[in-house]
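Colleague: Give the three-dimensional model of this entry:
(chains A and B)
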Amino acid sequence: MDDAKLAEVVERARRGEAAAFAELYRGFSRRVFGLCRHLLGTTEAAEDATSEVFLRVQRGMSGFDQALPFPRWLLSVASHYCVDRLRRRRVETRLFSAADPEPVVADAAAASPLAQVLTEEKRESVREAIARLPERYRLPLVMRYYSELSYEEIAATLGTNRNSVATLIFRAKKELRRALASMQRELVQ
Amino acid sequence: MNCFSELTYSMYADGELPTEEARRVETHLAGCSRCRALMEALRVENRFLVEALQEPDEEAVPVAARPVRPLDILWTGLGVLAAAAGLRAFLGWAEEMRPPAAVDWLNPFSLTAQLNLFFSSVFYFIREGVAMLISSLTTVSVLVFGLLVIVGGVLWLRRRPALVAVVATLALVLGLALPGAAVETHTARRAAFVVAKGHTIDDTLLFRGETLIIDGVVTGNVIAFAERVEINGTVKGDVITFAGIELINGTVEGNVYSFGQRVEVSGTVGGSLHAFAQRVAVGSAGRVENDVLAFAGEVEVDGAVARDIRAFAGMVGVGGDLGRNLVAHAGQVRLLGRARVGGDLKVWVKKEENLQVDSGAIVVGTIETKIEEAKPSRFTRPKFYLWQGVWLAAAFVTGLLLYWLLPALFKTRLETGGAVVRTVGLGFLALVATPVAALVAGITVIGLPLALLGVLTLAAGIYLAKILVGVFVGRALRRSFGAQPAQFALDLLVGLVVLAVATHIPYVGWFVTLLVVLLGLGIAVSNVRRSWQRTELT
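Modeller: Below is the predicted model:
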């Protein structure tokens, strides 16, 4: 769907046209499903979440601001929903506290960027490693690199601030590098 | 000049640094080759992350899933077999133990004892469970009704018409069943209710309570749920009871349908007596103008029955006058000396000596004794295979049709052991809750069509369960052999054949069948739930 066509379909859906909404569903449900699966972990949960997200989007369609790109708005709604669900799963309600202790002092030279590891790994194992990351790292990472949301948007979804998001993403990558490096060691052995 | 932290570079690579800081980073990068290299690596890393996440994730491994290994299946299978063998051994031992007849009712493997146990548990539940339920029924129903109204309102506001309809129906049914509503005039809900002598109720009497005594006249039908029902007067219509004890000392001009622990007729029943009870007795003064049909632990007829007696019972004793035939499937049949059977005597018993005809008893027609022999294995009869073939073909065609109509029904994936257990649990709920709900709806009379629909749906679900699980099994098998691409028809056929064999394994088959039904129902229910959500979308 090119931009002009998408804008037209979105406008029709905003006016409550069922066929237009169905078209949006067909066009984007896969992408939303992918996001939900990354965030929630299982296919079943992701399927349920996808349905629910589209229900919410349909109801909230009239409030959609045309200035935003539709896919971005859609993925942000989906992220919100998944984070809500994850929160409800847990006892503690605050997944991400604004005050992340532990200052980040990174030495540029000492860092081993993920890219070096990645070239030798299959994508498969990267996805697997991401899926195994703790929730607090996985969520911002997926929102940033799957949904391509801004730090600001991610912060709003997770109920934290921009700086924490930056730190979380940074730590998530470090953790990922560590995990992949150890996976590789296992492979070599 | 000092290098920036890696965090800063990471933010820069994400395009998230404020303009001012970004400019300073750029200036530094221009002069620092080491940081430039790091920056480049970070960018590559970002691109790779985007790519890795975007990859069509059809085959991505979900986190929690631990694939079922062949060894797991082997161990589970062996465990089930061992349990079955143990159970079989125990049953064999129990069969061997032949206790003296006097305490036979204690033997859980004899028909009489089974019926005893069954009725005792049913009536314990009816007495205790229902009594508790009824005593708090008003409070509970008012609360539930209020809750339904609130839920309905919220759903209405959230524009979910389908759910509003469901809730409204529930509220309606409950509202009609609420005490104070509906057919109050001839509904008695007191602990004890007496239709006094000389008093006439000119309509149907619906009673729910502890004791119902009719000394007067009821011109319509009597429907009663009670501990004790005593009819000393006259009922001109039919009598339908769910009662601990039912005594008919007076006259019932219509038929009697009894579900009870004890049903005793010392008066007259103008129609037939249908009884499903632990003990059914027609006393020496009792008279049934038509037939007696009894499913019971004990059937004792000392009075007169104008036509046939058909009994499925642990013990049947006849000492009265019978107009036509006596047909009995029973553990023991005894014709007392004073008995007179106007037609034939036809009995199915396990051993010849289980039919006892005392001297003096008269049978006008023929006496036919059928010994219920241990059936030869059904696997030796060609008919069995013919029927299996027919079943397989029908299930296969139904499965294809279903796939064509509702492909979504077959999309369920059970990735974790937990998911399987949850689905089986859901199936168990559906299997148990539907008949209970149907019964409750049926009691309100107005909910009867709803109850029938529920039971029919359940029956359809049980039939479809094998098909759903068949596809599931077929697919799992194909995957474990690594075969691609997916072929629905082949999966279905293989799965159905596997199930047909598995459900007929001696001693284990019933368990497999139960599991299949539970799992299939669970899959169906979770699918219906999900497809409801989806249809609301499009």
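
Colleague: biggest helix in chain B, by residue count?
Modeller: Longest helix of chain B, by residue count under DSSP state H: helix B:448-480.

Colleague: I'd like the next helix or strand past that one.
Modeller: Per DSSP states H and E, the first helix or strand lying C-terminal to helix B:448-480 is helix B:488-502.

Colleague: how far off helix B:448-480 does that next one point, in degrees?
Modeller: 100 degrees (axes from the mean of the first three to the mean of the last three CA atoms, to 10 degrees).

Colleague: Show me which residues of helix B:488-502 are buried.
Modeller: B:488, B:491-500, B:502 (16 or more other CB atoms under 10 Å in any protein chain shown). (C-beta placed from N, C-alpha, C; glycine too.)

Colleague: quick one: least confident helix or strand in chain A?
Modeller: Between all helices and strands in chain A, the lowest mean by mean pLDDT, DSSP states H and E belongs to helix A:114-118, at a mean of 51.

Colleague: Repeat that for chain B.
Modeller: Scoring the helices and strands of chain B by mean pLDDT, DSSP H and E places helix B:131-135 at the bottom, with a mean of 53.

Colleague: thinking again about what came up before, who are the packing partners of the longest helix of chain B?
Modeller: Applying 3 or more CB pairs under 8 Å, 6 or more residues apart in numbering or on different chains; DSSP states H and E, one finds that helix B:448-480 contacts helix B:382-405, helix B:417-443, helix B:488-502, helix B:509-535.

Colleague: from the buried residues of helix B:488-502, which is closest to B:Ala441?
Modeller: B:Leu499 (32.4 Å; CB to CB).

Colleague: which residues touch that closest one?
Modeller: B:466, B:469-470, B:473, B:512, B:516 (CB atoms under 8 Å, 6 or more residues apart in numbering or on different chains).

Colleague: Compute the distance between it and chain A, please.
Modeller: B:Leu499 sits 23 Å away from chain A, going by CB to the nearest CB, to the nearest Å.

Colleague: before we move on, what about B:Arg479?
Modeller: Where chain A is concerned, B:Arg479 sits at a distance of 14 Å (CB to the nearest CB).

Colleague: what stretches of chain A score poorly on pLDDT?
Modeller: A:1, A:89-122, A:187-189 (pLDDT under 70).

Colleague: One more pass at 80, please.
Modeller: Applying pLDDT under 80 to chain A flags the ranges A:1-3, A:16, A:43-44, A:61-68, A:87-125, A:180-189.

Colleague: can you give me the helices for the chain?
Modeller: Since no chain was named, I'll use chain A. Using DSSP H, helices in chain A cover A:3-14, A:18-40, A:43-60, A:70-89, A:114-118, A:123-132, A:135-145, A:151-158, A:162-188.

Colleague: that's the wrong chain, I meant chain B
Modeller: Under DSSP H, chain B gives helices at B:6-13, B:19-31, B:33-54, B:70-96, B:111-124, B:131-135, B:137-157, B:161-177, B:382-405, B:417-443, B:448-480, B:488-502, B:509-535.

Colleague: Most tightly packed of those?
Modeller: Among the helices of chain B, helix B:6-13 has the highest mean neighbour count (mean count of other CB atoms under 10 Å in any protein chain shown), at a mean of 22.

Colleague: Quick one: check that helix for contact with chain A.
Modeller: Yes. Judged by CB under 8 Å from any CB of the partner chain, helix B:6-13 comes into contact with chain A at B:6-7, B:9-11.
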